[in-house]
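K.L.:
need coordinates for the below:
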Amino acid sequence: SIGVQSLEDTRLRALGRIHSAREARDAVTLARAVGFDNLNLDLMFGLPGQTEAGALADLHALIDLGPDHVSWYQLTLEPNTLFHQRPPAGLPDDDRLGDIMQAGQALLAASGFHQYEISAYARDGRACRHNRNYWEFGDYIGIGAGAHGKVTGKDGQIQRYAKTRLPADYLAEGGCRRTGQRTLPAAALPGEFAMNALRLNDGFMLDLFESRTGLSADTLTAALASLEARELLEIEAGRIRCDSAL
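P.N.:
Have a look, this model is predicted:
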């Protein structure tokens, strides 16, 4: 997975990236040369000063590199970042962002990429198993400085944790110490599960909710009925997903 983000040098500089478009292309070439046969490329849209035509040209250029999977997502101003503190000038408004998204989705579909998650598009058989595990509320082990993990104990308790953030501290501690470890209370599990699983276009089955959380599907009955009545969810044969018309 290579974080290209843009294939225009002016956009990369505006994002504060330290690589060039040529270096991104070279990285893709090298990855293929050493034998990687399943390649994801990340690309942003909604960049400062970006038009719909510019965003589509960037996406065209990325597709021309021949990835098997594309992560195409809107620039967001995350808290505790420089962009959030001092937003760059020229960010596209919501209407333009909507136009860019719809046109980009059509281009990806015409190029053989199936959208299976909010920002994930894959050729047949190349959906990311690694990320699907996150979205389906599976367990994973955090390895490395600042890595996060989620594990379900034999008693059914679910814990989230992080490893020491600074590499020097991580190495000094042998990579063993966890920081920020917490057990998720039962009341939080429906929200934690749904926040991830409803990112997927095909949503989730109720039996997956039960197996991942240890809770009965009845826990969701009232919330699902309310959301379905407001036409925010579709429920069919035990599968729950966001309304495709949204």
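K.L.:
longest helix of this protein?
P.N.:
Ranked by residue count and defined by DSSP state H, the top helix of the chain is helix 94-110.
K.L.:
that helix - contacts with which helices or strands?
P.N.:
If contacts are counted by 3 or more Cβ pairs under 8 Å, 6 or more residues apart in numbering; DSSP states H and E, helix 94-110 sits against strand 40-45, helix 52-63, strand 69-74, strand 114-117. From N, CA and C alone the C-beta is placed, and that goes for glycine too.
K.L.:
who wins for proximity to residue 229 among those?
P.N.:
strand 114-117 (25.7 Å; Cβ to Cβ).
K.L.:
what comes into contact with that closest one?
P.N.:
105, 108-109, 121-124, 127, 131, 135, 199-202 (Cβ atoms under 8 Å, 6 or more residues apart in numbering).
K.L.:
identify those among these that sit within strands.
P.N.:
121-122 (DSSP state E).
K.L.:
show me which of the contacts of strand 114-117 are buried.
P.N.:
Buried residues within the contacts of strand 114-117, counting neighbours by 16 or more other Cβ atoms under 10 Å: 108, 121-122, 127, 131, 135, 199-200.
K.L.:
let me see the ranges of the helices in the protein.
P.N.:
So, for the chain - with DSSP H - the helices run 9-15, 21-33, 52-63, 82-85, 94-110, 129-135, 167-172, 189-197, 206-213, 221-229.
K.L.:
sorry, back to before: just the closest of the contacts of strand 114-117 to residue 92, please.
P.N.:
Comparing these against residue 92 with Cβ to Cβ picks out residue 105 as the nearest, at 16.0 Å.
K.L.:
so what pLDDT did the closest residue to the closest one other than its chain neighbours get?
P.N.:
Ranked by Cβ to Cβ, 6 or more residues apart in numbering and with sequence neighbours excluded, the top spatial neighbour of residue 105 is residue 115, at 6.3 Å. The model reports residue 115 with a pLDDT of 96.
K.L.:
now swap in residue 54 and tell me
P.N.:
pLDDT at residue 54 comes out at 94.
K.L.:
appreciated, that's everything.
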